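Q: The sequence and its predicted three-dimensional model are supplied below.
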Amino acid sequence: MEKYPPVAITLPWLRSGGTPLTRHLIFTDPIGSHIWRSGLNEDHWKLALAAVVIIPKAWSRERAASRENGMHALRHFYASVLA
């Protein structure tokens, strides 16, 4: 945290156009902005799953955007393990 301190980012809360709220994010994208769930899922997570043959290597962009084997499923798996 000392080497890479959290970045203050202000975004609409709960919905587009919602009340702006500032939070300090630990994880940001390469330009210091918030990470989009879809970008992480499609551009990194699904590529990693394909690299270790958990999902087929030949998957389409539409398939990459599906919730199956995505970060949402990972979140629920993790919460189940904690319970």
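A: Good, I have the coordinates.

Q: Can you name the element that comes right after the helix or strand of the chain with the lowest mean pLDDT?
A: Lowest by mean pLDDT, DSSP states H and E among the helices and strands of the chain is helix 61-64, with a mean of 62. Toward the C-terminus, helix 61-64 is succeeded by helix 71-82 as the next helix or strand (DSSP states H and E).

Q: How far off centre is that following helix?
A: 13 Å (CA atoms, centre = their mean, to the nearest Å).

Q: Quick check: phi and psi on Thr10?
A: phi -110, psi 120 (degrees, to the nearest 10).

Q: in which helix or strand would I find the residue nearest to it when sequence neighbours are not counted?
A: The shortest distance from Thr10 to any non-neighbouring residue, by CB to CB, 6 or more residues apart in numbering, is to Thr22 (4.3 Å). C-betas here are computed from N, CA, C, even on glycine. Element membership of Thr22, judged by DSSP H and E, is strand 20-25.

Q: What of Ser38?
A: helix 37-40.

Q: Take that helix, keep the C-alpha atoms, and write them as PDB.
A: Provided in PDB are the C-alpha atoms of helix 37-40 (Å, rounded to 0.1, in the frame of the first residue of the first chain):
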ATOM      1  CA  ARG A  37     -15.800  -6.000 -14.900                       C
ATOM      2  CA  SER A  38     -16.400  -6.900 -18.500                       C
ATOM      3  CA  GLY A  39     -12.900  -6.000 -19.600                       C
ATOM      4  CA  LEU A  40     -11.300  -8.000 -16.800                       C
END
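
Q: Which SSE is immediately downstream of that helix?
A: Assigned by DSSP H and E, the successor of helix 37-40 is helix 46-51.

Q: and that next one, which residues are buried?
A: Lys46, Leu49, Ala50 (16 or more other CB atoms under 10 Å).

Q: is it true that the last one touches Lys57?
A: In other words, Ala50. Yes. Using CB atoms under 8 Å, Ala50 is in contact with Lys57, at 4.8 Å.

Q: Cool, thanks, signing off.
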